[in-house]
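Colleague: just need the structure, nothing else, for what follows:
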Amino acid sequence: MLFRKQNGIIFIFLPLLIAIAIVFSACSTSKGSIVIRENPNGTQVTMDFKEWSSNSKCELSLKKGDVLQIEVFREHGEIALVVKGKNGSEPYTGNNLKPGLFTVTVSETDRYEIRITGKGATGKVFVKNVGK
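Modeller: Here you go, the predicted structure:
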């Protein structure tokens, strides 16, 4: 009889646990996805994102006078981008980026952080060091 009582409890609690798991998974908000790829020689970064709402970063080592070519493909959502050196220089800050191509020249040799922020964003951003 004790075994049957435990089976009854399992049959009551198992559906309850499944229902709770479904409710919590339905209530959680998805932040989408982002894939960041850096080429082996450290001169190019590709950021590919879908329905993405968060921020992420990567780094490039740049020399004084290097030019970054930045190409933005935005299908929808908002994209912000910051290029900031470890020593404090900030050669670029942009919010609500539109699709297009532009360049940024760095003023000092440093390791630069490229930080991207998305708000429901789908698209791609390419950052390439084209040298001087």
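Colleague: could you measure residue 65 against residue 34, distance?
Modeller: To residue 34, residue 65 is 30 Å away according to Cβ to Cβ, to the nearest Å. C-beta: built from backbone N, CA, C; applies to glycine.
Colleague: ok, those two, which is more surrounded?
Modeller: Ranked by neighbour count (other Cβ atoms under 10 Å), residue 65 and residue 34 place residue 34 first, with 18 against 12.
Colleague: so that one is in contact with residue 55, correct?
Modeller: No - assessed by Cβ atoms under 8 Å, residue 34 is found out of contact with residue 55, at 9.4 Å.
Colleague: find residues that contact each of these two.
Modeller: 116, 118 (Cβ atoms under 8 Å, 6 or more residues apart in numbering).
Colleague: which residue ranges of this protein form helices?
Modeller: Counting by DSSP state H, the chain has helices at residues 2-27.
Colleague: and residue 86, what are its phi and psi?
Modeller: phi -60, psi -30 (degrees, to the nearest 10).
Colleague: got the contact list for it?
Modeller: 110, 111, 112, 113.
Colleague: which of the residues you listed ranks first by neighbour count?
Modeller: Neighbour max across these (other Cβ under 10 Å) = residue 112, 28 neighbours.
Colleague: beta partners for that residue?
Modeller: With DSSP bridges as the criterion, residue 112 is bridged to residue 60, residue 85.
Colleague: cool, and residue 102?
Modeller: Under the criterion used here (DSSP bridges), residue 102 is bridged to residue 70.
Colleague: right, and it touches residue 67 too?
Modeller: No - Residue 102 lies out of contact with residue 67 (Cβ under 8 Å); the separation is 10.5 Å.
Colleague: tell me what the residue nearest the centre of the chain is bridged to.
Modeller: When Cα atoms, centre = their mean is applied to the chain, the residue found nearest the centroid is residue 56 (4.2 Å). When assigned by DSSP bridges, residue 56 has beta-bridge partners residue 116.
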